[in-house]
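Enquirer: pasting the structure only:
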């Protein structure tokens, strides 16, 4: 499984820094998935849940009040004013 580095940063500090296989979230133009090798881009992130598939295929879900997603060649960064981890672990949640 191909992975990439993903960081979630808020004014409170770095909330996540690790390897992931996929993230699903709502950008300014609608729902999107980011996989390894995605073309670089930046987009506003709309308030809502973010589903993160980790390197070991486990799922983590969090909620953001919005922010900015920057997708680079080998690094993806979410800058958010507010992010909270959820207790949901259902793969069909999002």
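Expert: Looks like it arrived, so ask away. This is a predicted model, so every value here is computed, not measured.

Enquirer: Of all residues in the protein, which one is nearest the centre?
Expert: residue 23 (4.6 Å; CA atoms, centre = their mean).

Enquirer: hey, what's that residue bridged with?
Expert: Counting by DSSP bridges, residue 23 forms beta bridges with residue 34, residue 52.

Enquirer: Look at it and report its pLDDT.
Expert: On the pLDDT scale, residue 23 is placed at 97.

Enquirer: Excluding sequence neighbours, find me the nearest residue to residue 76.
Expert: Among residues not flanking residue 76 along the chain, residue 6 sits closest, at 4.9 Å (CB to CB, 6 or more residues apart in numbering). Just so you know, the C-beta spots here come from the backbone N, C-alpha and C atoms, and that holds for glycine as well.

Enquirer: quick one: contacts for the residue nearest to the centre of the chain?
Expert: 6, 33, 34, 50, 51, 52, 53, 76 (CB atoms under 8 Å, 6 or more residues apart in numbering).

Enquirer: Where does pLDDT dip in the protein?
Expert: Flagging of the chain using pLDDT under 70 yields the residue ranges 88-94.

Enquirer: what about residue 87, neighbour count?
Expert: 5 (other CB atoms under 10 Å).

Enquirer: Also residue 76?
Expert: 20.

Enquirer: Name all residues that make contact with residue 40.
Expert: 71, 72, 73.

Enquirer: can you give me the strands in the chain?
Expert: Counting by DSSP state E, the chain has strands at residues 4-10, 13-27, 30-35, 41-45, 48-54, 59-64, 67-71, 75-80, 83-85.

Enquirer: What number of neighbouring residues does residue 41 come out with?
Expert: For residue 41, the count of nearby residues is 12 (other CB under 10 Å).

Enquirer: contacting residues around the closest residue in space to it that isn't next to it in sequence?
Expert: Spatial nearest neighbour of residue 41, chain neighbours left out: residue 71 (5.3 Å); criterion: CB to CB, 6+ apart. Residue 71 makes contacts with 34, 38, 39, 40, 41, 42, as judged by CB under 8 Å, 6+ apart.
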